[in-house]
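Asks: dropping the sequence and predicted coords here.
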Amino acid sequence: MPPGLAATSHPALSPADAARFEAALFGGDESREWAAMQQAARAIAAAVLRDFDEIGPLPPEPRILVLAGKGHNGGDALLAAKFIHEKHPRARIETCLVFGERVLRPLALRAWRELSHAPPCRARPCVAPRLTDGENSRPDARSGPTSILPGPPFDIVLDGIFGFQFRPPVEPRIAALLARVNASPARLRAAVDLPSGLGTPDVFLADFTYATGIVKSPALAEENRAAVGRLRYLDLGFWDNTANPSPVPADPPAAAILTPAVLSPLRVLRSPLTDKRDYGHLFIVGGSRGYPGAVIMAALAALRSGAGLVTVFVPETMAAACAARAPEAMWVAWPETPEGGLALEGAHLFRERADRATALLVGPGLGREAETLALAADLAKLSAVPLVLDADALQPAIVGAGAASRILTPHVGEFARIAAALPGAGAVTVLKGPVTRINDGGATTHHSLFGGPVLARGGSGDLLAGLIGGLLAQEPAQPLLAACRGAVWHGLAADRLARAQGQRAVNITQLLDHLAGVLREDVPAAAAGKVTSGK
Ligand SMILES: NC(=O)C1=CN([C@@H]2O[C@H](COP(=O)(O)OP(=O)(O)OC[C@H]3O[C@@H](n4cnc5c(N)ncnc54)[C@H](O)[C@@H]3O)[C@@H](O)[C@H]2O)[C@@H](O)CC1
Ligand SMILES: Nc1ncnc2c1ncn2[C@@H]1O[C@H](COP(=O)(O)OP(=O)(O)O)[C@@H](O)[C@H]1O
């Protein structure tokens, strides 16, 4: 693993390893645990309010439901509600202490007192409603607008019933409550650490899950995706304090979570003595009459990546329009097939210039004509510089061609197409989806949790490919790092776009205008005050 990645991606742990880790970290010291609970709760409150921006502003008197169990998960949720209340003093907070107040563990009780006594907080408790006959069955999740409590829909529901110490099953009374909450209208459903009841049918259905301190591996499992919603990792500094104990196995983790710090080297001042040739030269090959836009989007993203030079080879009838759209790139007009794809006869245009490239991206909008795909395979075979293969270039005969190192950027459908050819490709694979998984054949898969459904539109993959290509051109020897940085940068820019514009009424190229902002905002430091072992 490149050193830049080891420090900026944090292991995901099984619940048992996470419990051991936290026990060693806090050493049973309640004051340290309380400090960590406060830190986690502040981070949750800030993250929930930030994510709510994707919907719009909170109303003046937001209605918030907190579901709290007996333990730390409940304490985190109660304190998070208190911190939300500090920002929104007119919030109406309804608290459901699902097991009642008497059984709250010491820190959860302390959190409940802080919330309920916070002036002028209107937190009022309720216990999980008693079941009446016939309610013991599980209603279909989100099947109808049954409200758990009377009144208008909740703006925020915070689920803190069970955390990573949860052992199934969910008792029927809580299952019925969860089913009712799932079926009640709410604008943003937030699970603290893990959705309550995860792994059972009686699970809280979250829009966002906020993993505090450590991402627990069940949150990453494919089968839990619908309940987890969007997973946010709240880095509380557990991993960046060298004084912390390391009770976790020394082996490389199977899953690591990328943090925004992976972008830190992109924020440094550049040497005043440099010129454009010091920042890499990306060649892009793509475009067809059928898909003229994709290659333009890839080029636009590459131009924002910091690359010194970008040259794009496109079908000749497209070149002038492309140059008008992005004059910063050099557009080379390539002979076309009758159908408007890149023809084999243009290969000399590439060969004549090949020694100037530091990386090559092939695929966006390429189309799937046999001649064009044969050309793409030739280019992959010829290339002396690292490749990014995207979109239509993700074909078995292309991904394994040649010896240059390579990054493949498939979505699930493309992955299925090339899966059989992968073992021989020796590639970094960027498997795109709601969570993007990056692996270079090594033991660790890096996960980018950034981005969201604002990306679920044509063109977002083309932007990612251009960004990764531009980063690779600047550091050709580090394909894994380029892939991880590209995915994180793209995802963080998407999150900024969604917060600024919402998820719907956007063009995906607006993401480009948020790339600079990502690099210019503070790295969300492992937040206010680090949790230390005190050793
Ligand atoms: N404005 C443009 O010019 C755009 C051009 N595009 C180009 O369109 C061409 C075709 O790309 P497509 O990805 O649409 O190819 P396909 O739609 O042919 O996808 C290949 C396979 O993957 C499945 N699939 C598609 N999207 C998926 C997803 N997000 N997750 C899981 N499975 C998925 C499909 O059902 C199909 O089986 C490429 O050249 C691409 O660059 C797209 O990037 C969209 C925007
Ligand atoms: N629901 C989602 N949540 C997060 N990211 C998403 C979601 N849907 C799509 N994406 C991201 O958007 C990009 C889509 O790429 P791709 O499927 O190749 O689209 P296209 O080829 O149309 O540009 C990927 O980076 C993927 O991870």
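Replies: Received it, and whenever you're ready, just let me know what you need. Ligands and ions are numbered 1, 2, ... in the order given.
Asks: can you pull the pLDDT of the residue of the chain found nearest ligand 2?
Replies: Using Cβ to the nearest ligand atom, the single residue of the chain nearest to ligand 2 is G461, 2.2 Å away. For every residue, glycine as well, the C-beta is placed using N, CA and C. pLDDT recorded at G461 is 98.
Asks: how about the one 4 residues further on?
Replies: A465 carries a pLDDT score of 99 in this model.
Asks: so where does it fall, helix or strand?
Replies: In this structure, A465 is located in helix 460-474 according to DSSP states H and E.
Asks: pick out the residue of the stretch 1-150 of the chain closest to ligand 1.
Replies: E54 (20.1 Å).
Asks: residues in contact with that residue?
Replies: E54 makes contacts with 452, 454, 498-499, 502-503, as judged by Cβ atoms under 8 Å, 6 or more residues apart in numbering.
Asks: now it: how far from A183?
Replies: As judged by Cβ to Cβ, to the nearest Å, E54 and A183 stand 23 Å apart.
Asks: which pair of the contacts of E54 spans the longest distance?
Replies: Largest separation among the contacts of E54 by Cβ to Cβ: G452 and G502, giving 11.2 Å.
Asks: which of these two has more neighbours?
Replies: Remark: of G452 and G502, G452 carries more neighbours, 21 against 14, as counted by other Cβ atoms under 10 Å.
Asks: wait, what's in contact with the residue of the chain closest to ligand 2?
Replies: Contacts of G461 (Cβ under 8 Å, 6+ apart): 390-391, 409, 411, 432.
Asks: can you narrow those down to the ones near ligand 2?
Replies: Counting by Cβ under 6 Å from any ligand atom, 391, 411, 432 from the contacts of G461 sit close to ligand 2.
Asks: tell me the phi and psi of the second one?
Replies: When quoted as degrees, to the nearest 10, the phi and psi of H411 stand at phi -80, psi 180.
Asks: can you get me a residue count around the nearest residue to it once chain neighbours are set aside?
Replies: Spatial nearest neighbour of H411, excluding adjacent residues (Cβ to Cβ, 6 or more residues apart in numbering): K432 at 4.7 Å. A total of 25 residues lie near K432 under the criterion other Cβ under 10 Å.
Asks: if I look at K432, how far off is I468?
Replies: Per Cβ to Cβ, K432 is found 11 Å from I468.
Asks: so what sits against both of these two?
Replies: Between them, K432 and I468 share the contacting residues T409, judged by Cβ under 8 Å, 6+ apart.
Asks: hang on, A261 is in a strand, isn't it?
Replies: No - A261 is assigned helix when assessed by DSSP: H, G, I helix; E, B strand; the rest coil, not a strand.
Asks: show me the contacts for the closest residue to it other than its chain neighbours.
Replies: Of all residues not flanking A261 in the chain, T8 sits nearest, at 4.2 Å (Cβ to Cβ, 6+ apart). T8 sits next to 258-259, 261-262, 264 when contact means Cβ under 8 Å, 6+ apart.
Asks: what pLDDT does T8 get?
Replies: 91.
Asks: can you put the contacts of G461 in JSON lines and add secondary structure and pLDDT?
Replies: Shown next, in JSON lines, are the contacts of G461 (DSSP: H, G, I helix; E, B strand; the rest coil; pLDDT from 0 to 100):
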{"residue": "D390", "secondary structure": "coil", "pLDDT": "98"}
{"residue": "A391", "secondary structure": "helix", "pLDDT": "98"}
{"residue": "T409", "secondary structure": "coil", "pLDDT": "98"}
{"residue": "H411", "secondary structure": "coil", "pLDDT": "98"}
{"residue": "K432", "secondary structure": "coil", "pLDDT": "98"}
